[in-house]
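**Q** predicted coordinates and the sequence they were generated for:
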Amino acid sequence: MTNPKKTNYRWTICAMLFFATTVNYLDRQVLSLTWPNFIGPEFGWTNSDYGNITSMFSIIYALCMLFAGRLVDWLDTRRGFLWAIGIWSVGACMHAFCGIATAGLTAGRWTLSFSGAREAIEAVGASGSVISMSILLFIICRSVLALGEAGNFPAAIKATAEYFPKKDRAFSTSIFNSGATIGAMIAPACILYIAEAAGWEMSFIIIGVLGFVWMGFWVFIYKKPEACAKVNAAELEYINQDRHTVSAENPTGQSEDSRPKLSFLQCFRYRQTWAFAAGKFMTDGVWWFFLFWAPKYLQTVFHLESTQLVLPLTVLYTIVMLSIIGGWLPSWFIDRKGMNPYAGRMRAMLIFAFFPLLALFAQPLGSYTYWLPVIIIGIACAAHQAWSANIFSTVGDMFPKSAIATITGIGGMAGGLSSFLIQQGAGRLFDYAGKSQMKFLGFESEPAGYFIVFVFCSVAYLIGWVIMKALVPKYKLVR
């Protein structure tokens, strides 16, 4: 009775974060999967048009991330997450009505029928007005989606810091972050078959509704550990084991909660903030490129149709599940090698930074079979997710809990900015390469363009790691 077994409610919270991230990436993937064979042909989009839409999503996401973290810190985790997923679910469902609005505004035919809207657009043809209006409407919807999705990771990282001690945060982060992989993995089978059976519009609606279901559970499940009846004293003590840790940086063992809070502008004074932002800037664009362009890559280079994409994309993101190792490896360095959390994570991140170099061989080996690029891209994406779980955890290692969501938002803004640049560049590069029949290291036309982007993706992580190490060579707690 004096030493009751500790409860494990923190893993229930981790499961909720996992499902939120899964829904997040399902909503994000609907457009990338439906545009090559459904939306693009209907509205007459080019690679540049699609690149403009995804890049605008990225830049809005980046700007919102800058303030989303601060908003989550202000609203607190429970309410902040509810607002975030509610907004992005509305934005996801809004996409379904872009065809109806385009038909009404360009063809003058207003209808509540998705099929009627498609018929009206087909009668007009892919005119300039249809293309520009559809792009504008999709950008508006993607902006609402980005506004909500910007709150997911700041809220999730803050919840992880509230429910897990530092030594477990990379592992718990890798678990909920694997929801991105699961969402991307199950998306092809779900979304493409819904689009084939009921139209691309229903794929946005059905996937978008999942967010509202999640909200119904979150309202009743999440409370701060000290206020949660399902967290007993033993588990609460385990969660708060770092609260009064005495160290060289904190010789008095002062509680994090009792320390003065950092203002938004103060956060930019620390090298730790710039190191995190630099690591996100160099690498997030790589993940988003593969996420948004992998279906189009397989269709363009290997001539796969929509239903033929299901198996290779499912295999690709199944491989990404290997990223769960990303949370275990730094814990091994910390527990077995006696490293501090930051040193252990940086050692693990250096190891993961070498795996994307395989992307250099994706295009050359594709001449044998498309399965080799699928496997290589899967390994590169797995390395990214392992890297991502650790770079997120460095924030909790070095900053007080009151600033974690804010710093995460600042880094997310940097990552969104890099995605904006790579989406804009990729769309224009692929259109130029196709029209000019550009040649690059033995590849011609659009495959040459993809090879150029793959070269950048392969070295981005090593560059990011070097910058981070130069800015913060050793663990230093922000007080």
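**A** Thanks, I have it.
**Q** phi first, then psi, for residue 114.
**A** The phi/psi pair for residue 114 (degrees, to the nearest 10) reads phi -60, psi -40.
**Q** let me fix that, I meant to ask about residue 439.
**A** When read as degrees, to the nearest 10, the backbone of residue 439 gives phi -120, psi 140.
**Q** which ones are touching it?
**A** Neighbouring residues of residue 439 by CB atoms under 8 Å, 6 or more residues apart in numbering: residue 448. Using the backbone N, CA and C atoms, a C-beta is placed for each residue, glycine as well.
**Q** in the sheet, who's paired with it?
**A** residue 444 (DSSP bridges).
**Q** quick check: mean pLDDT across stretch 363-379?
**A** Stretch 363-379 shows a mean pLDDT of 92.
**Q** neighbouring contacts of it?
**A** Outside stretch 363-379, the residues that touch it by CB under 8 Å, 6+ apart are 290, 294, 297-298, 301-302, 304, 312, 315-320, 322, 355, 358-359, 361-362, 442-443, 447, 450-451, 454.
**Q** give me that answer again for 7 Å
**A** Identification of contacts with stretch 363-379 by CB atoms under 7 Å, 6 or more residues apart in numbering yields 290, 294, 298, 301-302, 312, 315-317, 319-320, 355, 358-359, 361-362, 443, 447, 450-451, 454.
**Q** in strands only, show me these.
**A** Among those, DSSP state E puts residue 443 in strands.
**Q** now, of the contacts of stretch 363-379, which are buried?
**A** Among these, the ones that count as buried by 16 or more other CB atoms under 10 Å are 290, 294, 298, 301-302, 312, 315-317, 319-320, 355, 358-359, 362, 443, 447, 450-451, 454.
**Q** quick one, strands of the stretch 251-400 of the chain?
**A** Applying DSSP state E, counting those that start in this stretch to the stretch 251-400 of the chain gives no strands.
**Q** for it, which residues score under the pLDDT cut-off?
**A** The stretch 251-400 of the chain contains residues with pLDDT under 70 at 251-260, 327.
**Q** can you pull out the helices in it?
**A** Counting by DSSP state H, counting those that start in this stretch, the stretch 251-400 of the chain has helices at residues 271-302, 310-319, 325-337, 341-354, 362-365, 371-398.
**Q** quick one: closest of those to residue 227.
**A** Closest to residue 227 of these, according to CB to CB: helix 371-398, at 20.6 Å.
**Q** which of the helices of the stretch 251-400 of the chain is buried the deepest?
**A** Ranked by mean neighbour count, these are led by helix 371-398 with a mean of 25 (mean count of other CB atoms under 10 Å).
**Q** for the helix or strand that comes right after it, which residues meet the burial criterion?
**A** Using DSSP states H and E, the helix or strand that follows helix 371-398 in sequence is helix 401-436. Residues 401-420, 422-431, 433-434 are the ones in helix 401-436 that count as buried (16+ other CB under 10 Å).
**Q** and if you look at stretch 112-130?
**A** In terms of neighbour count (16+ other CB under 10 Å), stretch 112-130 has its buried residues at 114, 117, 118, 120, 121, 126, 130.
**Q** then the last one would be within a strand, right?
**A** No: residue assignment for residue 130, taken from DSSP: H, G, I helix; E, B strand; the rest coil, gives helix, which places it outside any strand.
**Q** quick check: it vs residue 34, distance?
**A** As judged by CB to CB, to the nearest Å, residue 130 and residue 34 stand 17 Å apart.
**Q** show residues contacting stretch 277-290.
**A** Contacts for stretch 277-290 (CB under 7 Å, 6+ apart): 58, 377, 381, 384, 387, 391, 410-412, 414-415, 417-419, 421-422, 426, 453, 457, 460-461, 463-464, 467-468, 471.
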